[in-house]
Every structure is written in structure tokens, then in C-alpha cells.
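Trainee: Sequence below, structure please.
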Amino acid sequence: MSTVHGRHTVITVNAKDISPYCDTSQLTRGADESDVTGYGKAAHVSGDDTLKKSEFTCSGKYDNTVSTGPRAALRPLVGTITTVTRKPEGTGVGKPLETFSAFVAEYVETNPVADHIAWSAKFTVSDDIADTTQ
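Mentor: So this is what the prediction gives:
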């Protein structure tokens with residue numbers, strides 16, 4: 001079995017590489033659940049003709065770089081749909097590439113008194129995720 005270190009992950013949002021500022025990211029692929037239970041049943045019956053419902057989150061240490069940091073790259077996008085690319089194994093021929101449109105639902109900055117400022121962003125995937133290779 002081969003493993004891949006997370007430090008190779010590459011994330012771009014709206015064509016801006018935010019990878020150097022990220023220390024965690026998560027792409028959750030899910031689906032709505034459809035209840036097709038009819039009268040007389042003793043348990044719920046789930047339908048399989050549902051819509052996909054995926055979410056992407058990322059976060060890291062705050063960087064005040066004006067032109068490239070997460071604040072400059074992500075904050076103006078809140079409330080809009082943008083393009084996100086994720087290379088979970090890093091850059092290289094034959095490695096996976098995930099591309100999707102996403103609604104930027106929130107950008108959060110956290111200021112703890114005894115630690116570094118942190119940021120996080122939450123995206124709702126809009127439509128299908130294109131799974132290809134580089």
C-alpha cells in the first residue's frame with residue numbers, strides 16, 4: 001500500500017494558489033436523502049434518485065500578504081460562485097485533479113489571544129465535481 005503526504009496538496013481558488021497558506025482542507029462528497037416510505041412500513045425507505053450535495057473547506061494560518069494571502073484572495077469572493085481546483089497528491093502527470101464551481105459561503109478569521117491568527121473558508125459545491133488526471 002502506498003501513502004501520500006498531505007503537504008503535497010495544491011488548492012487554487014479563482015485561479016489564485018492558496019496552498020502556501022493552507023494547513024488543512026476537506027472535500028466532502030455527499031447526497032440529499034430522499035424518503036420514499038409508503039403507508040404500512042415499519043421503517044423508513046430511502047430513495048436513490050437524489051441530488052449530490054458536496055462541500056469543501058480549507059483553513060490555515062493568517063498571512064497579511066496583500067495580493068496573495070487568503071484574506072485578499074477569499075474575502076472578496078464571499079457570496080459568489082468561483083472555480084476551485086484541488087490536487088490532493090500534488091502536481092504531476094497522472095495525479096488526480098478535482099475541479100468544481102463553488103459558492104463561497106463563508107470566510108472566517110479567528111484571533112486567539114495566545115496563538116497565531118487563523119482563517120477558514122467554507123464552500124458549497126455547485127454542480128458536479130470533475131475528476132480527471134493532470
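Trainee: Which parts of the chain are helices?
Mentor: Secondary structure of the chain by DSSP state H: the helices cover 70-74.
Trainee: what bits of it have low per-residue confidence?
Mentor: 1 (pLDDT under 70).
Trainee: what about residue 87, how many neighbours?
Mentor: By the measure other CB atoms under 10 Å, the count of residues near residue 87 is 19. For every residue, glycine as well, the C-beta is placed using N, CA and C.
Trainee: Could you measure from the closest residue to residue 118 other than its chain neighbours over to residue 62?
Mentor: Residue nearest to residue 118 in three dimensions, not counting chain neighbours: residue 110, with 4.6 Å by CB to CB, 6 or more residues apart in numbering. Residue 110 sits 8 Å away from residue 62 when distances are taken as CB to CB, to the nearest Å.
Trainee: next one: residue 54
Mentor: From residue 54 across to residue 62, the span is 26 Å (CB to CB).
Trainee: This completes my enquiry, with thanks.
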